[in-house]
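A.B. asks: how does the following fold in three dimensions:
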Amino acid sequence: MPSSHPQIQKLIQCINLEEAEEIKRYSLDQQHSLKSLKAEGLALHPIVVTRKTFGYADYPEISFRLNFPAETNRFRDGTAIECFINGEQPVKGILLNVEGRSGEFRLFAPDFPDWIEDAGVGIKLAPDQHTTSIMKEILSNLESNKPLFKLFDKIHATAPSPLERVGVRLENVSFRNNRLNESQQQAVNAIIQNEEMTIVHGPPGTGKTTTLVEAIFQLVQKEEKILVSAPSNTAMDNIAKGLIAQGLKILRVGNSSKVDETIFQHTPEGKLANSKQQKEIKELKFRAEQFRRMALKYKRSFGKAEREQRNLLFKEVKNIRAEIKNIQAYNEQKLYEEADVILGTPIGLNDSKIAGIKFQTLVIDEAGQCLEPLAWCIFPFAEKYVLAGDHLQLPPTVLSRDAMKLGFNRSILEVSFTKISQVFLLNTQYRMRESIAQFSSNYFYEGLLKTASHLNNIAQHICFIDTAGSGFNETKGSDGTSLQNEGELRLIQKLIENENLNPTETAVISPYSGQVAAGKEILPTMRISTIDSFQGQEKETIILSLVRSNDENDIGFLKDYRRMNVAITRAKEQLYVIGDSATIGGDAFYNSFLTYIETHGTYRTVWEFEL
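C.D. replies: Residues are numbered from 1 along each chain as shown. I've put the predicted structure just below:
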């Protein structure tokens, strides 16, 4: 029965709007040509298949490479995709990973399509109806879970109630990591004492993962069973490595295709690799392979009887695959029970059979990028919750503008932040030089973010290169959808040359995918990325290309200052920002940024460079 709660109804409405937008945006039809999908970064085409194999659950898995630079920001681990070729029915699947010009995906099919190695194969994003249906089902049934619904009501209370931030009793904790600073120790103490929900607010470089690893270790010592989740596999693996180093018994569920050897040993696949059951699975896979070979004797052009025979053989493959999954699930159950900590993405955890296991605490890392309904999908598994992240960096990606207007891109962290009294700021950053960090501290963190003493300035570490009056105007990219600025790219080339920047320690980032695509063409050996896909990463030197330069002083989505917060906090040693002060200076945020650079950094102009 549908929920009558207005906020639940609104979230379900948002999910429906987002699903409709995905269907519309990702369709390959008269309105959406392959060229336009590629231009918007929604399709990778053509791909070159480099390897075919049958994976853990006997699904076909394909490794591929691209012979061209592509903006793959939207192709995140676990994204729903379709593999296609002109004139054939596309095959649904899931992206396992993509890095640079290579990647892997899994197909939900009995075998590889006959055409998989033909010229003209591509992959495109597809509506993720699996995730959508899970989110809607959980929300529809939320009112029947009384303790959880009480928390939902608290987070969504409209009546303004004076919220008093609570302190924490400094218990006599024997910290495993004796290098934690005072704010990190406070956060660990708060997590240990948590009775409902605690928020750890971790701005860039403040040691959030270190703090969470210590807190999880302390909870395990108290004989709690812990669930850890995050919207990205990268965040999961960072915490997993920290917990492994502490000697905890962990189980990393979900996509194990790209995890390194240290983590692979702690996945169900890794743990069952040499078991008796694995031999049984191997025999079943051999049988499935025999049926597949028999089926492939019947070509697509054969008649009705042959087609029916082929379908029967593939049905047998499907049955064997179901048997393999049952054996795996049965054996994984024991692994779930033995583990101190289970880690996975929200949908990865939903798909694993952990519903019958009692967890005391759920930790969600990168909660500032976690859609609210995704969090409610995993809240029922535990009794207490820890949200860690930074709502002042980029929010979750939402396609539907209508859903966005209804607040669907407000993360579980942002929604909870003003309604939960237990919020603990990690207040010392260890990533970057003080002058790089200080503007963010002043503007976003009320001046509360300090810099570790060894990173105090010894030179100028932040530089703005002004292109005003140079004629370096923005243009539409060759794809016609995103902006680029050729003059800024030429300036970047000259800057790298003049300053003798080390390409392996330098990254070029920009808000615009058009600039990234153009940059990859002229600087093929450099790391070039959109700000969105560089969140959570760092380099010694960052060159930020703002792109916008026009007579109307239009700055477009540079107005999302959280994107700039991400951008200017990626550099450890040196930050170069290239932009047109005449275009951006009329905006109060950018005006204050330029004023800050004049005081704390170096202000240069394009005229210093021989272009």
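A.B. asks: for the closest residue in space to residue 391 that isn't next to it in sequence, the count of nearby residues, please.
C.D. replies: Counting by Cβ to Cβ, 6 or more residues apart in numbering, residue 391 lies nearest to residue 414, which is 4.1 Å off, once chain neighbours are set aside. (Glycine included, C-beta is placed from N, CA and C.) The number of residues packed near residue 414 is 21, by other Cβ atoms under 10 Å.
A.B. asks: residues touching residue 414, list them.
C.D. replies: Residues in contact with residue 414, defined by Cβ atoms under 8 Å, 6 or more residues apart in numbering, are 368, 391, 395.
A.B. asks: next, work out how far apart residue 79 and residue 234 are.
C.D. replies: 14 Å (Cβ to Cβ, to the nearest Å).
A.B. asks: so which of the two has more stuff around it?
C.D. replies: Legend: neighbour count by other Cβ under 10 Å for residue 79 and residue 234, higher for residue 79 (18 against 15).
A.B. asks: does that one touch residue 95 like I think?
C.D. replies: Yes. Counting by Cβ atoms under 8 Å, residue 79 does reach residue 95; the two are 4.5 Å apart.
A.B. asks: residue ranges for the strands of the stretch 501-611 of the chain, please.
C.D. replies: Taking DSSP state E, counting those that start in this stretch to define them, one finds strands in the stretch 501-611 of the chain at 506-510, 527-530, 539-545, 571-579, 602-605.
A.B. asks: buried deepest among those strands, which one?
C.D. replies: Most buried of the strands of the stretch 501-611 of the chain, by mean neighbour count (mean count of other Cβ atoms under 10 Å): strand 506-510, with a mean of 25.
A.B. asks: in the biggest helix by length in the chain, what's buried?
C.D. replies: Ranked by residue count under DSSP state H, the longest helix found in the chain is helix 304-338. Residues of helix 304-338 classed as buried: 310, 313-314, 316-317, 320-321, 323-324, 328, 331-332, 335-336 (neighbour count, 16 or more other Cβ atoms under 10 Å).
A.B. asks: need those residues in JSON lines (columns: distance to residue 183).
C.D. replies: Formatted as JSON lines, these follow (distance: Cβ to Cβ, whole Å):
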{"residue": "310", "distance to residue 183": "63"}
{"residue": "313", "distance to residue 183": "62"}
{"residue": "314", "distance to residue 183": "58"}
{"residue": "316", "distance to residue 183": "59"}
{"residue": "317", "distance to residue 183": "55"}
{"residue": "320", "distance to residue 183": "54"}
{"residue": "321", "distance to residue 183": "50"}
{"residue": "323", "distance to residue 183": "52"}
{"residue": "324", "distance to residue 183": "48"}
{"residue": "328", "distance to residue 183": "43"}
{"residue": "331", "distance to residue 183": "42"}
{"residue": "332", "distance to residue 183": "38"}
{"residue": "335", "distance to residue 183": "36"}
{"residue": "336", "distance to residue 183": "34"}
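A.B. asks: which of the contacts of residue 414 has the most neighbours?
C.D. replies: Neighbour max across those (other Cβ under 10 Å) = residue 368, 27 neighbours.
A.B. asks: OK, contacts around the residue lying closest to that one once chain neighbours are set aside?
C.D. replies: Leaving aside its chain neighbours, residue 368 sits nearest to residue 389 (3.7 Å; criterion: Cβ to Cβ, 6+ apart). Under the criterion of Cβ under 8 Å, 6+ apart, the neighbours of residue 389 are 200-202, 208, 364-370, 411, 413.
A.B. asks: now for the buried residues of helix 304-338, which pair is the farthest apart?
C.D. replies: Farthest pair in the buried residues of helix 304-338 (Cβ to Cβ) is 310 and 336. Separation: 38.1 Å.
A.B. asks: tell me the one of the contacts of residue 389 nearest residue 590?
C.D. replies: Taking these together and measuring to residue 590 by Cβ to Cβ, the closest member is residue 368, at 23.0 Å.
A.B. asks: and that closest one, what is it in contact with?
C.D. replies: 389-395, 411, 413-414.
A.B. asks: now do residue 450
C.D. replies: 427-429, 441.
A.B. asks: in strands, which of those fall?
C.D. replies: Judged by DSSP state E, the subset of these located in strands is 428-429.
A.B. asks: now rank the contacts of residue 450 by neighbours and give me the top one.
C.D. replies: residue 429 (24 neighbours).
A.B. asks: quick check, pLDDT for the nearest residue to it once chain neighbours are set aside.
C.D. replies: Excluding the flanking residues, the one nearest residue 429 by Cβ to Cβ, 6+ apart is residue 205, at 3.9 Å. What the model reports as pLDDT for residue 205 is 95.
A.B. asks: correct me, but residue 205 touches residue 430?
C.D. replies: Yes. Counting by Cβ under 8 Å, residue 430 is a contact partner of residue 205 at 5.5 Å.
A.B. asks: tell me which of those two has more neighbours.
C.D. replies: residue 205 (23 against 15).
A.B. asks: re earlier: and the longest helix of the chain, average pLDDT?
C.D. replies: Here helix 304-338 scores 86 as its mean pLDDT.
A.B. asks: centre of the chain versus that helix, how much separation?
C.D. replies: Put simply, helix 304-338 sits 31 Å off its chain's centre (Cα atoms, centre = their mean, to the nearest Å).
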